[in-house]
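# Let me see the structure of the following:
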Amino acid sequence: MNETLAWILFNIFVAVMLVLDLAVFHRRSQTLSMRQALGWSAFWISLAAIFAVLLGAWQGKPAALEFSTGYVIELSLSADNLFIFLMIFRYFKLPQSEQHGVLFWGIIGAIFMRAAFIFAGVGLIRRFHWIIYGFGALLVYSGIRLFFQRGEQIHPDKNPLVRAFRRFFPVTESYVGGKFFVRQKQICATPLLLVLIVIETTDLIFAVDSIPAVLSITLNTFVVYTSNIFAILGLRSLFFALSSLLDIFEYLHYGISCVLVFVGMKMILSHYYPIRTEISLGIIAGILLLTMLVSVFQRGKPERPAAA
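Predicted structure coming up:
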């Protein structure tokens, strides 16, 4: 298959799935139950698996492994990022029925931002190979920072875009259905738009970690792009599935921090000690599985009575 045609077909697929999601699957704002969220998460993961098989048939087994590894990295980073989204929703007291809509429009913006990051990142590394060491150091730093930052407070009101927006544009006191703007004496924004602004700027910060992490696996632009987009498409259902499971996997963020440090070191050492993709995939999956099992095991252990 011609690569240009592959790009066109994939983006048509993404557009069709987004339209179906908005106009058919979730036409009415609603809160997904745990069963529905898990079902939709399984649906998106199955689509990603099918795509990996098709990619392998087209570009070979290495490309399929690179896509799978990039997809696992993106999903693992999303799992911890969704905790931040949950804190943002709670801070703004966003009704649960409106959360899916905000995530949908947030994902639209994230697709465009991620595409720009990916093309810029691949282009820079191919032109200035030494930048890969900077990306690697950034990931190692991010992993160490994540390891120690659990429990930090979220302050969306300090977001510079939100503060600037409030200064120059009137905002209603309460939500008005699922509307971002309403007409009163003048056109006013609703708090729903502020939530979207915070989600978009937060995702921009997340992209600084996630894009270099996938670039540590491959510089195949198509593979990096598709693995990111598949992870983003399943973000909404993953949010509703994980929002009630975050307490169970309380040690997951330690595993994610280790993944960031691993892929960062992989980038730094890539010129001297290259690690095969299938080994990277096994290590990353092993780290995440281990921290999930430890979380479940520790949660199931009875607490010891305090000593007299």
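
# in the chain, which residue is closest to the centre?
When Cα atoms, centre = their mean is applied to the chain, the residue found nearest the centroid is residue 78 (3.4 Å).

# so it sits in a strand?
No: Residue 78: not assigned to a strand; according to DSSP: H, G, I helix; E, B strand; the rest coil it is helix.

# Report the contact partners of it.
By Cβ atoms under 8 Å, 6 or more residues apart in numbering, residue 78 lies in contact with 231, 235, 238. For glycine as for every other residue, the C-beta is placed from the backbone atoms N, C-alpha and C.

# Residue 169 versus that one, what's the distance?
Going from residue 78 to residue 169 by Cβ to Cβ, to the nearest Å gives 30 Å.

# before we move on, the earlier item: would a markdown table of the contacts of residue 78 with pLDDT and distance to residue 138 be doable?
Shown next, in a markdown table, are the contacts of residue 78 (pLDDT from 0 to 100; distance: Cβ to Cβ, whole Å):
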| residue | pLDDT | distance to residue 138 |
| --- | --- | --- |
| 231 | 87 | 20 |
| 235 | 79 | 23 |
| 238 | 76 | 25 |
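
# Highest neighbour count among the residues you listed?
Scoring these on neighbours with other Cβ atoms under 10 Å, the highest-scoring entry is residue 231 at 25 neighbours.

# Now that residue: which helix or strand?
Secondary structure from DSSP states H and E places residue 231 in helix 221-233.

# when you compare where whatever helix or strand comes next after that helix runs with where helix 221-233 runs, what's the angle?
As assigned by DSSP H and E, the chain's next helix or strand after helix 221-233 is helix 235-242. Put simply, helix 235-242 runs at 50 degrees to helix 221-233, going by axes from the mean of the first three to the mean of the last three Cα atoms, to 10 degrees.

# chain center to helix 235-242, what's the gap?
Averaging C-alpha positions (Cα atoms, centre = their mean, to the nearest Å) puts helix 235-242 10 Å from its chain's average.

# That one packs against which elements?
helix 34-59, helix 61-91, helix 96-127 (3 or more Cβ pairs under 8 Å, 6 or more residues apart in numbering; DSSP states H and E).

# Deepest-packed of the ones you listed, please.
Of all the helices and strands packed on helix 235-242, helix 61-91 has the most neighbours on average by mean count of other Cβ atoms under 10 Å, namely a mean of 21.

# now that helix: how far from the chain's centre is it?
4 Å.

# Between helix 235-242 and it, find me the angle.
70 degrees.

# What mean pLDDT does helix 61-91 get?
Across helix 61-91, the average pLDDT comes to 82.

# Kindly report the same for stretch 36-50.
Across stretch 36-50, the average pLDDT comes to 87.

# Sweet, I'm off.
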